Structures are given as structure tokens and as C-alpha cells.
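Student: sequence first, predicted model second:
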Amino acid sequence: TGVLAESCQWLNRRFFTFHQKKRPYVILKWAQTADGFIDRIRGIQNPAEPYWISNEVSKMLVHKWRAMEQAILVGTRTALLDNPRLNVREWHGRSPLRMVIDRKLRLPHHLNLFDGSLETWVFNEKVDKTDGNIRYARLDFSNLVQEILRYLHYHDIQSVFIEGGRQLIESFLTEGLWDEARVITGMKRFGEGLAAPAMPQGRCRSQRILDDILTVITREP
């Protein structure tokens with residue numbers, strides 16, 4: 001007994017986290033510039049096009065990561081400013097369950113998240129209902145991070161990929177409810193903008209992806 005115990009624990013980390021901690025395995029991901037910004041300053045009333053920080057190989061890797069997890073989550077601002085599809089396009093694999101936070105149900109339905117192509121959950125404080133492929137889940141926003149993880153555990157979601165933005169990522173970091181942080185640092189510089197989250201403490205390893213640097217931080221037990 002105990003042979004390669006640590007390797008087995010890592011291989012099955014989503015399963016063990018789900019059953020031992022009663023929540024899904026949480027992976028935080030963001031890209032930042034060489035001078036430490038996650039985005040330019042963009043207004044909701046007049047949003048500019050999102051500016052891709054990392055290279056094409058890193059982009060492919062992110063889509064591979066998406067295909068490996070059960071669900072993917074973004075906040076209201078990211079959904080509105082970036083209009084992401086949150087599917088798998090640059091890699092062969094299954095697209096994750098899409099999830100978005102929309103407390104007041106103010107996101108317009110022309111966004112890609114509401115195109116009906118994939119099952120999508122909308123966390124809000126108003127209604128519980130299902131409309132085609134869109135499920136509206138009413139949650140208590142007084143402790144949202146824990147509520148989301150409780151809801152996902154109840155619905156047998158074993159892993160969730162958090163793609164930002166900064167406020168959502170920092171809320172998971174503040175609560176200490178995360179397992180991995182994957183940070184891609186590109187060589188571009190903004191000079192000013194929205195500062196990236198501070199790197200959390202944990203086991204850290206880095207590697208180059210062409211001119212990008214990938215840093216993976218694993219939370220200590």
C-alpha cells in the first residue's frame with residue numbers, strides 16, 4: 001500500500017477534492033502582460049475589442065484546458081466586454097458546461113453565451129427556471145463563491161475552470177477556495193490598465209510557451 005500515493009492523488013485530484021472537500025476542483029486562469037496588467041481600461045457603455053495578450057500556442061493550450069474540465073465560469077463584466085463563447089475551438093474535445101454570473105439578469109441575450117449552442121447556467125438572485133439550453137439558478141449573493149461551489153457540488157460538477165475577470169478571480173483567492181492558478185504572462189506591455197491579480201502562495205512551476213511564460217501554482221494542502 002502507499003505505492004506512488006502522491007502521484008495517484010494528483011491524477012485523481014478532481015475526484016478526491018469533490019468527495020473530501022464537498023466542492024468541485026477549482027482552477028483559476030488569467031493572462032497578464034509583462035508589466036502586470038490583465039486588461040486595458042474599457043468602459044461598459046463603449047467597450048473596445050478585447051486585446052489578446054498571449055500567443056497562438058497559449059491560446060490553443062487554453063482550449064485544451066477547457067476540454068479537460070466539466071464547467072467554465074466567467075463574471076458579468078467579462079461576459080459583457082469580451083462576449084466570449086467559452087467553447088472548445090482550438091482543440092479537439094468536449095466543450096464544458098458554460099456558466100456566468102448575472103445578478104440582476106441584465107446581460108443582453110444577443111451575447112454568445114445565450115446562443116443556445118451549449119448548456120449554460122446563469123447565476124442570479126431573481127429566478128429559478130429553464131429556457132431551452134439556458135438554466136437560471138437563483139443563489140444567495142451574500143456569500144456567492146461558497147454558494148456557487150455548493151450548487152455545483154449538489155449537481156455533481158467535479159471541476160470548474162474560472163476564466164475571470166479580476167474581480168471574480170480575486171473573490172475565489174480571498175475565500176481560499178481554489179486549487180490551481182494558471183497564469184500566462186505575455187511579452188506585450190500596456191503601460192496602464194486593469195492590474196492583474198496578485199500571484200497566490202503555493203507550489204510553483206514555470207515553463208516557456210514560445211515567448212509566453214506559463215506559471216502554474218498549486219495550493220498547498
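Tutor: Sure, I can see it.
Student: residue boundaries of the strands in the chain?
Tutor: Taking DSSP state E as the criterion, the chain contains strands spanning 25-32, 37-39, 71-74, 97-101, 120-124, 129-131, 134-138, 159-162, 180-185, 194-195, 203-209, 212-218.
Student: what about those strands, which gets the closest to Leu81?
Tutor: strand 37-39 (8.1 Å; C-beta to C-beta). C-beta coordinates here come from the backbone N, C-alpha and C atoms, glycine included.
Student: flag the shaky bits of the chain, pLDDT-wise.
Tutor: Within the chain, the stretches with pLDDT under 70 are 44-48.
Student: and the residue nearest the centre of it?
Tutor: The C-alpha lying nearest the average C-alpha coordinate of the chain belongs to Ile162 (C-alpha atoms, centre = their mean; 1.3 Å).
Student: I'd say that residue and Tyr25 touch.
Tutor: No. Using C-beta atoms under 8 Å as the test, Ile162 is too far from Tyr25 to be in contact (11.1 Å).
Student: returning to that earlier point: so how far is Ile213 from the closest residue in space to the residue nearest to the centre of the chain that isn't next to it in sequence?
Tutor: When the adjacent residues along the chain are set aside, Ile162 lies closest to Leu28, with 4.9 Å between them (C-beta to C-beta, 6 or more residues apart in numbering). Relative to Ile213, Leu28 is positioned 17 Å away (C-beta to C-beta, to the nearest Å).
Student: also Asp140?
Tutor: Between Asp140 and Ile213 the computed distance is 39 Å (C-beta to C-beta).
Student: more neighbours: which of those two?
Tutor: Here Asp140 and Ile213 are compared on neighbour count by other C-beta atoms under 10 Å; more neighbours surround Ile213, at 18 against 11.
Student: so what's the residue count around the nearest residue to the more buried one once chain neighbours are set aside?
Tutor: Once flanking residues are discounted, Ile213 sits nearest to Thr185: 4.5 Å by C-beta to C-beta, 6+ apart. Using other C-beta under 10 Å, Thr185 is surrounded by 23 other residues.
Student: isn't Thr185 up against Thr215?
Tutor: Yes. Thr185 is in contact with Thr215 according to C-beta under 8 Å; the separation is 6.9 Å.
Student: pull up the overlap in contacts between those two.
Tutor: Shared contacts of Thr185 and Thr215 (C-beta atoms under 8 Å, 6 or more residues apart in numbering): none.
Student: give me the contact list for stretch 74-84.
Tutor: By C-beta under 8 Å, 6+ apart, the surrounding residues in contact with stretch 74-84 are 42, 44, 47, 50, 86, 99-103, 106-107, 111-113, 162-165, 167-168.
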